[in-house]
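Enquirer: Predicted model and sequence below, questions to follow.
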Amino acid sequence: MTDTSTNQRHFSRVSFATRVRMIGAHGSTTVQLHNISLKGALVSRPPEWNIEPGHLLALELTLVDDAHIRVNVQVAHSDADRVGLYWEHIDLDSLTHLRRLVQLNLGDAAQFDRELAALR
């Protein structure tokens, strides 16, 4: 399922409800991942954290085969319940896992190919 909000997204977000670890100046905590794309994610806001646009964090997602996606992120937007993140840096192994995750969940090979080409 793709999030079709009418904002300026260039990459489709796929619903992928799971727990992820956020790491920042406040330490680390586990939050709910709502959706993910090749360039960002939407997660639940940790209630005890003061997160503002521009803050730098790390996000870790553990996959079923014990593979990890670890991304350095910047906060794009934040409200009382959710935090929108975009990738600042992702290593090659994490990008490979992320690419496969999005590809499997997007369900539209042509759309995925366009988005992958946009990353270059």
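Expert: Structure's in. What do you need?

Enquirer: ok, and for stretch 45-62, which residues are buried?
Expert: 45-46, 49, 51, 55, 57, 59, 61 (16 or more other CB atoms under 10 Å). Where C-beta positions appear, they are placed from N, C-alpha and C, glycine not excepted.

Enquirer: Show me the residue sitting in the middle of this protein in space.
Expert: The centre of the chain sits closest to residue 41, judged by CA atoms, centre = their mean, with a distance of 2.6 Å.

Enquirer: right, and it touches residue 60 too?
Expert: No. Judged on CB atoms under 8 Å, residue 41 makes no contact with residue 60 at a distance of 11.4 Å.

Enquirer: any shared contact partners between the two?
Expert: When contacts are counted by CB atoms under 8 Å, 6 or more residues apart in numbering, residue 41 and residue 60 are jointly contacted by residue 20.

Enquirer: Can you flag which of the buried residues of stretch 45-62 belong to helices?
Expert: Assignment to helices by DSSP state H places none of those there.

Enquirer: Confirm residue 100 sits in a helix?
Expert: Yes. Under DSSP: H, G, I helix; E, B strand; the rest coil, residue 100 falls within a helix.

Enquirer: For it, grab the count of nearby residues.
Expert: Counted with other CB atoms under 10 Å, residues neighbouring residue 100 total 13.

Enquirer: Against residue 36, how distant is it?
Expert: Separation of residue 100 from residue 36 (CB to CB, to the nearest Å) stands at 12 Å.

Enquirer: so which of the buried residues of stretch 45-62 would you say is closest to residue 18?
Expert: residue 61 (7.0 Å; CB to CB).
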